[in-house]
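>>> Dropping a prediction and its sequence here:
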Amino acid sequence: MTGSLMGAEKRERRKRRKRRKRRKERKTREEIEELEELKEC
């Protein structure tokens, strides 16, 4: 029982990490777009 619970927790943690990485990538992309717009101005 405990082994299965640990495995589930690890899977959830991995999913959370992936979600965080995706959010970070989106933020960086938005920041880059904003910087490019400022340079054009």
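Received it, and whenever you're ready, just let me know what you need. A quick note: this is a predicted structure, and the numbers were derived from the prediction, not measured.
>>> all contacts plus neighbour counts: C-alpha atoms, from now on.
OK.
>>> what about Arg17, distance to Lys10?
11 Å (Cα to Cα, to the nearest Å).
>>> sorry, that was for Glu33
35 Å.
>>> same check, this time on Glu25
Distance of Glu25 to Lys10, given as Cα to Cα: 23 Å.
>>> low-scoring pLDDT stretches of this structure, where are they?
1-2, 21 (pLDDT under 70).
>>> All the helices of the chain, residue numbers only.
2-40 (DSSP state H).
>>> separation between Arg17 and Ile32?
For Arg17 relative to Ile32 (Cα to Cα), the value is 23 Å.
>>> what do you get for Leu5?
Distance from Leu5 to Ile32, by Cα to Cα: 41 Å.
>>> Leu38 too?
With Cα to Cα as the criterion, Leu38 and Ile32 are 10 Å apart.
>>> Check Lys18 too.
Applying Cα to Cα to Lys18 and Ile32 gives a distance of 21 Å.
>>> Repeat that for Arg16.
If you measure Arg16 against Ile32 using Cα to Cα, the figure is 24 Å.
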